[in-house]
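Visitor: Need a 3D model of the sequence below.
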Amino acid sequence: MSDRDHALASSVLAPLDARLADLVALYEDLHRHPELAFQETRTAAAAARRLTAYGYDVTTGIGGTGVTGVLRNGPGPVVLLRADMDALPVTENSGVPYASTVPGRMHACGHDVHVACLLGAADLLAAGRAHWSGTLVVLFQPAEEAGKGARAMLDDGLYSKGLVPTPDVVLAQHVAPFGAGVIAYCPGACMAAVDTLEITFHGTGGHGSQPETTVDPILMAAAFVQRVQSVVAREVAAKERAVVTVGAFHAGDSANVIPDRAVVRLSVRSFDPNVRTTVLAAVDRIARAEAAASGAPREPETRVIDSLPVTVNDTAVLTEVNASFTRLFGEQRVFAYEPATGSEDAGLLASAAGAPLYYWWLGGWDPDEFRTALAAGRLAQDIPSNHSPQFVPLPRPTLATGVQALTAAALNRLDGRR
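Guide: Residues are numbered from 1 along each chain as shown. Okay, the predicted model is just below:
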């Protein structure tokens with residue numbers, strides 16, 4: 001980032017301090033009112049209202065509840081900034097005064113932070129349009145947690161029907177349990193592919209007092225849950241990365257009735273196509289073997305709920321944008337981090353456009369608490385992770401850093417003006 005580019009970014013970012021209190025209030029309001037995947041009507045309406053006020057051409061209802069704003073500002077590249085909007089079916093236990101008011105619903109992954117930061121950046125970039133040239137697309141996506149929102153927007157004609165111009169680059173960020181005020185990045189493959197599976201085990205139901213007259217699908221599925229954990233430990237090389245997690249187990253309704261089926265849901269994470277093939281084949285093999293060992297009346301049925309590819313950062317874009325981050329934040333606040341075994345659908349927005357992607361992490365936890373836990377080797381124990389009922393990012397300086405990062409990244413890819 002040259003001195004000239006840094007001066008342009010500083011000019012565009014200058015109004016942020018005066019607007020930060022409004023962004024904090026917006027974030028707290030979004031946190032109080034979480035909405036699940038494809039139900040983000042209130043959040044989408046708030047985004048659309050603000051984008052209209054900032055001067056964007058706004059389209060709503062894309063892929064259900066998706067919102068886009070387009071700001072055409074002369075010749076130059078098309079830059080897309082993306083934020084996801086959905087919350088999780090988690091009961092909040094954070095104790096913050098702006099905790100969720102919706103029972104069993106919480107912004108436990110920080111998407112409220114993402115929405116507030118993108119609206120803040122959209123505001124600054126619109127107000128500072130004299131300093132850049134090109135087309136800015138801001139996109140508020142539903143259903144990231146379900147892995148379906150980006151695909152739904154694409155299927156609804158995001159690019160094919162010209163709802164927004166096809167981007168030359170896609171930029172996104174995700175808040176994480178690092179100290180607030182830092183930016184973390186990972187070149188190349190930064191997030192795992194995921195396959196979400198539902199396996200139905202079939203048994204023969206009957207009275208709980210006479211298990212010998214039944215084929216118990218609960219015992220069958222429970223054996224599978226235990227055995228499937230051996231796949232990563234015994235069938236994947238130590239140098240490779242893979243995760244197999246069983247997240248749901250449903251069977252029966254009464255203590256004295258053995259049901260005729262048990263349903264297990266699991267997610268498989270991987271970075272290498274060969275590892276993915278190995279793990280999925282092993283999961284299928286073990287499910288069939290446990291059913292056969294139990295004398296099941298028929299083989300288990302496997303349904304693929306969804307799949308997402310590996311999220312891959314473009315090295316050239318990452319290097320150039322990081323130069324802007326380093327100049328803006330300083331070297332100590334921008335650091336490399338290892339690939340995450342979580343998964344994302346933001347990459348679909350880039351691959352569908354044939355555009356490069358840069359996806360980075362935004363620190364959101366209390367810096368002093370983070371440093372104390374890091375020094376004690378207790379990050380996993382003391383710092384809540386995403387999806388935890390205690391995961392509530394610190395509004396300041398998280399929001400300011402997030403707005404600055406999105407704004408600086410966009411300016412890095414847009415044509416500058418003197």
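
Visitor: where along the protein do the helices fall?
Guide: 3-13, 16-32, 41-54, 111-127, 149-155, 217-228, 230-235, 273-293, 315-329, 346-351, 367-375, 379-382, 395-413 (DSSP state H).

Visitor: The second one packs against which elements?
Guide: Read it as helix 16-32. With contacts defined as 3 or more Cβ pairs under 8 Å, 6 or more residues apart in numbering; DSSP states H and E, helix 16-32 has these neighbours: helix 41-54, helix 111-127, helix 395-413. Every C-beta, even on glycine, is put in place using the N, C-alpha and C of the backbone.

Visitor: With distance to D29 and mean neighbour count added, can I get those helices in JSON lines?
Guide: Listed next are the helices and strands packed on helix 16-32 as JSON lines, based on distance: least, Cβ to Cβ, whole Å; neighbours: other Cβ atoms under 10 Å:
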{"stretch": "helix 41-54", "distance to D29": "8", "mean neighbour count": "19"}
{"stretch": "helix 111-127", "distance to D29": "9", "mean neighbour count": "25"}
{"stretch": "helix 395-413", "distance to D29": "12", "mean neighbour count": "24"}
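
Visitor: In TSV: these, plus mean pLDDT.
Guide: Below are the helices and strands packed on helix 16-32 laid out as TSV (pLDDT from 0 to 100):
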stretch	mean pLDDT
helix 41-54	98
helix 111-127	98
helix 395-413	97
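
Visitor: where does the protein dip in pLDDT?
Guide: 1-6, 417-418 (pLDDT under 70).

Visitor: Across the sheet, point out what pairs with the closest residue to A192 other than its chain neighbours.
Guide: Of all residues not flanking A192 in the chain, R269 sits nearest, at 4.0 Å (Cβ to Cβ, 6 or more residues apart in numbering). Note on R269: beta-bridge partners V194, V243, judged by DSSP bridges.

Visitor: R269 and Q39: what is the separation?
Guide: 26 Å (Cβ to Cβ, to the nearest Å).

Visitor: Distance to N73 for the helices of the chain - can I get that in JSON lines?
Guide: Shown next, in JSON lines, are the helices of the chain (distance: least, Cβ to Cβ, whole Å):
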{"stretch": "helix 3-13", "distance to N73": "12"}
{"stretch": "helix 16-32", "distance to N73": "20"}
{"stretch": "helix 41-54", "distance to N73": "12"}
{"stretch": "helix 111-127", "distance to N73": "9"}
{"stretch": "helix 149-155", "distance to N73": "23"}
{"stretch": "helix 217-228", "distance to N73": "53"}
{"stretch": "helix 230-235", "distance to N73": "49"}
{"stretch": "helix 273-293", "distance to N73": "41"}
{"stretch": "helix 315-329", "distance to N73": "19"}
{"stretch": "helix 346-351", "distance to N73": "21"}
{"stretch": "helix 367-375", "distance to N73": "36"}
{"stretch": "helix 379-382", "distance to N73": "42"}
{"stretch": "helix 395-413", "distance to N73": "11"}
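
Visitor: quick one on the thing from earlier: out of the helices and strands packed on helix 16-32, flag the one nearest A14.
Guide: If you check each of these against A14 by Cβ to Cβ, helix 111-127 wins as the nearest, at 8.6 Å.

Visitor: Centre of the chain to that closest one, how far?
Guide: Helix 111-127 sits 17 Å away from the centroid of its parent chain (Cα atoms, centre = their mean, to the nearest Å).

Visitor: Contacts only, for the residue nearest to A192.
Guide: A192, A193, V194, R241, A242, V243, V244, T245, T341, G342, S343 (Cβ atoms under 8 Å, 6 or more residues apart in numbering).

Visitor: ok, now which ones touch W132?
Guide: By Cβ under 8 Å, 6+ apart, the neighbours of W132 are L8, V12, N73, G76, L125, A410, L411, L414, D415, G416, R417.

Visitor: which pair in those spans the largest distance?
Guide: V12 and G76 (15.1 Å).

Visitor: number of nearby residues for H107?
Guide: Residues near H107, counting by other Cβ atoms under 10 Å, number 29.

Visitor: Distance across stretch 178-196, terminal residue to terminal residue?
Guide: 27 Å (Cα to Cα, to the nearest Å).

Visitor: ok so, going back, out of the helices of the chain, which comes closest to V304?
Guide: Of all those, helix 273-293 sits nearest to V304, with 9.3 Å by Cβ to Cβ.

Visitor: residues in contact with the closest one?
Guide: 193, 195, 197, 199, 201-202, 220-221, 223-224, 227-228, 231-232, 235-236, 240-242, 244, 266, 268, 270, 298-300, 302.

Visitor: Tell me which of the helices and strands packed on helix 16-32 lies nearest to Y337.
Guide: helix 395-413 (14.7 Å).

Visitor: what's the angle between the closest one and helix 16-32?
Guide: 110 degrees (axes from the mean of the first three to the mean of the last three Cα atoms, to 10 degrees).

Visitor: Counting by contacts, list what helix 395-413 packs against.
Guide: Under the contact criterion of 3+ Cβ pairs under 8 Å, 6+ apart, helix 395-413 touches helix 3-13, helix 16-32, strand 78-84, helix 111-127, strand 132-141, strand 169-179, helix 315-329, strand 357-365.

Visitor: Dump those into CSV; add distance to G347 as well.
Guide: Below are these laid out as CSV (distance: least, Cβ to Cβ, whole Å):
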stretch, distance to G347
helix 3-13, 26
helix 16-32, 25
strand 78-84, 10
helix 111-127, 16
strand 132-141, 12
strand 169-179, 8
helix 315-329, 13
strand 357-365, 6
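
Visitor: hmm, back to that, so between V12 and G76, which is more surrounded?
Guide: Of the pair V12 and G76, V12 is the one with more neighbours under other Cβ under 10 Å, namely 24 against 18.

Visitor: Which residue, other than its chain neighbours, is closest to that one?
Guide: G128 (3.5 Å).

Visitor: need the helices and strands packed on helix 16-32 in CSV with distance to E145, can you?
Guide: Below are the helices and strands packed on helix 16-32 laid out as CSV (distance: least, Cβ to Cβ, whole Å):
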stretch, distance to E145
helix 41-54, 13
helix 111-127, 8
helix 395-413, 19
